[in-house]
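Visitor: Sequence first, then the predicted structure:
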Amino acid sequence: MKIGILQTGLVPDGLAAEHGQYPGMFERLLADQGFTFQSWSVVEGEFPNGPDDADAWLITGSRHGAYEEHDWIPPLEDLIRAIHASGKRMVGICFGHQIIAQALGGTVAKYEGGWAVGAHTYDFADGPRTINAWHQDQVIDKPEEARVVATNPFCANAALLYGDSIYTVQAHPEFDDAFTEGLIDQRGRGVVPDALLEGARAKIGTPLATGEMSDQIAEFLKTGKLT
């Protein structure tokens, strides 16, 4: 099964040599799940021909806001709607979660409560899961067709399910602790309040639900069902 990865952001230069780009992180997250992968750097204007270029789709995170005026955002929203109309399955993570919601009628904005950085725990149907997060923007109003399937007090729409075709998550199951600590050092300073950064650093080593999220995302891409 071929997964098309739509890359919407670039890893900071100081971290790319060690960690690679975002598509590679997802390939590692979903390793041994029977997938092949092809990536398109939509943030750099590279797009597939359409939904049929892959069997299912995944949209990565980004430092950009879904509501920002970039040349690549309108065609990405058009592609999202085309994939949705085709019935092919799609997963969105962080910015991917947000841009899918925006493309399908929801609202994304900077959250008045500020940033979520580092390990955060979310209430899923089968219990709590701790995942690394890195975001200030949130889906403030979800699309009418979307159903909330994970939440916490900081992020009401932490994961959304659109029937059996789209599943999106605000947090970053593909971020390990080393990459998160790198973001704290290289992207967070002067952007995220120092107290939040140090609080996130103190949580490094908290057990993460990486395996559970990998299995759930893989199962959804294959069957349209959440485990």
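Guide: Great, that's in hand.
Visitor: hey, what's His120 bridged with?
Guide: Ile131 (DSSP bridges).
Visitor: Taking the centroid of the protein, which residue is nearest it?
Guide: Ile93 (1.1 Å; C-alpha atoms, centre = their mean).
Visitor: What pLDDT does the model give that residue?
Guide: Here, the pLDDT recorded for Ile93 equals 98.
Visitor: cool, Arg189 as well?
Guide: Value for Arg189, per-residue pLDDT: 84.
Visitor: could you measure it against Leu196, distance?
Guide: Per C-beta to C-beta, to the nearest Å, Arg189 is found 11 Å from Leu196. From N, CA and C alone the C-beta is placed, and that goes for glycine too.
Visitor: ok, the two, which is more surrounded?
Guide: Leu196 (16 against 10; other C-beta atoms under 10 Å).
Visitor: Against which helices or strands is the host helix or strand of the more buried one packed?
Guide: In this structure, Leu196 sits in helix 194-202 according to DSSP states H and E. Judged by 3 or more C-beta pairs under 8 Å, 6 or more residues apart in numbering; DSSP states H and E, helix 194-202 is in contact with strand 116-124.
Visitor: What is the burial count for the residue nearest to Ala85 when sequence neighbours are not counted?
Guide: Sequence neighbours aside, Pro51 is the residue nearest to Ala85 in space, at 8.0 Å (criterion: C-beta to C-beta, 6 or more residues apart in numbering). Look at Pro51: counted by other C-beta under 10 Å, it has 21 neighbours.
Visitor: check contacts around the spatially closest residue to Lys203 that is not a sequence neighbour.
Guide: The shortest distance from Lys203 to any non-neighbouring residue, by C-beta to C-beta, 6+ apart, is to Ala119 (4.2 Å). Residues near Ala119 by C-beta atoms under 8 Å, 6 or more residues apart in numbering: 130-133, 200, 203-204, 206, 208.
Visitor: Of the residues you listed, keep whichever come out buried.
Guide: Those of the contacts of Ala119 that meet the buried threshold are 130-133, 200, 208, by 16 or more other C-beta atoms under 10 Å.
Visitor: Same list (those residues) but as a markdown table, adding pLDDT and distance to Ala101.
Guide: Listed next are the buried ones among the contacts of Ala119 as a markdown table, based on pLDDT from 0 to 100; distance: C-beta to C-beta, whole Å:
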| residue | pLDDT | distance to Ala101 |
| --- | --- | --- |
| Thr130 | 98 | 23 |
| Ile131 | 98 | 18 |
| Asn132 | 98 | 21 |
| Ala133 | 97 | 17 |
| Ala200 | 95 | 25 |
| Leu208 | 98 | 24 |
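Visitor: Of those, just say which sits nearest to Ala159.
Guide: Ile131 (9.7 Å; C-beta to C-beta).
Visitor: per-residue confidence at the residue nearest to Lys203?
Guide: At Ala119, pLDDT is 98.
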